[in-house]
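K.L.:
Pasting a predicted model and its sequence here:
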Amino acid sequence: MLISSANLLPDDIGAFIRLAVLCAVAAAVAVGVNGWFQALVATVLGDPAPRAQGRLFGNPLRHLDPVGAILATVSGLGWGRPLPGPPGRQGRWPSVAVSAAGPLGNLTVAFLLAAPVKAGLLNWTYPAPDSLALVMTGGLRSGISDIVGLLVIYNLLQAVFHLIPLAPLAGYRVLAALLPSTAAETHRRFQRFAPLFLVALIAADYVLRPGILWSTVLPVAQWLAGLATGY
């Protein structure tokens, strides 16, 4: 996402700054949606922690994790602060429901945002450096289309990325709740290194370009974008 637009520097610093702000907002929205849906489902299932920590109807920035938010802004792949407590604290299936709520929330928001595109009210602008550098310079309708496209893709990337079974992503909590106790404990011990592994994997995709994550996450996100927008 933002990192792929580094070619704008140093020739068009203004466009890069404008794009950086938009990517940061889109990342914060996508990460916040993921965290809020998890907090909502946890609260409905009787967990008082999200409300007590202001994760239900409080400052949306409480859902952000600094490292995850930066990664989401730069690459489109990141994470927020996990809900307090270990996976399965509410029981196996409630824990699965809370974890799955985040990606499902991102999907819901992405499809709602894409509804005007599918209805023909907005153009579908797939986020790319060439188009996003021109945000708000091609008229109001074009600018809104660009911003909606960015929000749709960021939410879809979050939804797909969070299915990976590594901490602190939702897929980890789902798998931990479903595994037998012995296997779950082994899985949990490995997860101490999972965030570092994810950071390294995201960085390697851009520096060494093996495409390990992007060849998996991006095609699914693009397919979902086609379903959401009709394009």
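P.N.:
Received it, and whenever you're ready, just let me know what you need. This one's a predicted model, so the numbers in the text were calculated from it and none came from an experiment.
K.L.:
tell me the centre residue of the chain?
P.N.:
The residue lying closest to the centre of the chain (Cα atoms, centre = their mean) is Gln158, at 2.4 Å.
K.L.:
Am I right that that one is in contact with Leu107?
P.N.:
No - because the distance of 9.2 Å does not satisfy Cβ atoms under 8 Å, Gln158 is recorded as not touching Leu107. Where you see a C-beta, it was placed from the backbone N, CA and C, and this is true even at glycine.
K.L.:
what's the spacing between Cys23 and Leu201?
P.N.:
Between Cys23 and Leu201 the distance is 20 Å, computed by Cβ to Cβ, to the nearest Å.
K.L.:
So which of those two has more stuff around it?
P.N.:
Taking neighbours as other Cβ atoms under 10 Å, Cys23 and Leu201 compare with Cys23 leading, 23 against 15.
K.L.:
average model confidence for the helix or strand hosting that one?
P.N.:
Using DSSP states H and E, the element containing Cys23 is helix 13-44. For helix 13-44, mean pLDDT rounds to 87.
K.L.:
Contact partners for the residue nearest to the centre of the chain?
P.N.:
Contacts of Gln158 were listed using Cβ atoms under 8 Å, 6 or more residues apart in numbering, and they are 30-31, 33-34, 72, 77-78, 102-103, 106.
K.L.:
Name the helix or strand for Asp11, please.
P.N.:
Mapping Asp11 onto the secondary structure by DSSP H and E places it in no helix or strand at all.
K.L.:
So what's the residue count around it?
P.N.:
Residues lying near Asp11 (other Cβ under 10 Å) number 8.
K.L.:
For it, which residues are in contact?
P.N.:
Neighbour list for Asp11: empty [criterion: Cβ under 8 Å, 6+ apart].
K.L.:
do Pro103 as well
P.N.:
Contacts of Pro103 (Cβ under 8 Å, 6+ apart): 34, 158-160, 162-163, 170.
K.L.:
let's see it at 6 Å
P.N.:
Taking Cβ atoms under 6 Å, 6 or more residues apart in numbering, we find Pro103 in contact with 159, 162, 170.
K.L.:
Quick check: which element contains it?
P.N.:
Taking DSSP H and E as the definition, one finds Pro103 inside helix 92-118.
K.L.:
pLDDT on that helix, on average?
P.N.:
Averaging pLDDT residue by residue across helix 92-118 gives 92.
K.L.:
buried sites along that helix?
P.N.:
For helix 92-118, the buried set under the neighbour-count rule, 16 or more other Cβ atoms under 10 Å, comprises 94-107, 109-111, 113-114, 117.
K.L.:
sorry, back to before: export the contacts of Gln158 as a markdown table, with columns for distance to Gly149.
P.N.:
Supplementary listing: the contacts of Gln158 in a markdown table, determined by distance: Cβ to Cβ, whole Å:
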| residue | distance to Gly149 |
| --- | --- |
| Ala30 | 13 |
| Val31 | 18 |
| Val33 | 16 |
| Asn34 | 19 |
| Ala72 | 16 |
| Leu77 | 18 |
| Gly78 | 19 |
| Gly102 | 22 |
| Pro103 | 20 |
| Asn106 | 15 |
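K.L.:
Cool, thanks, signing off.
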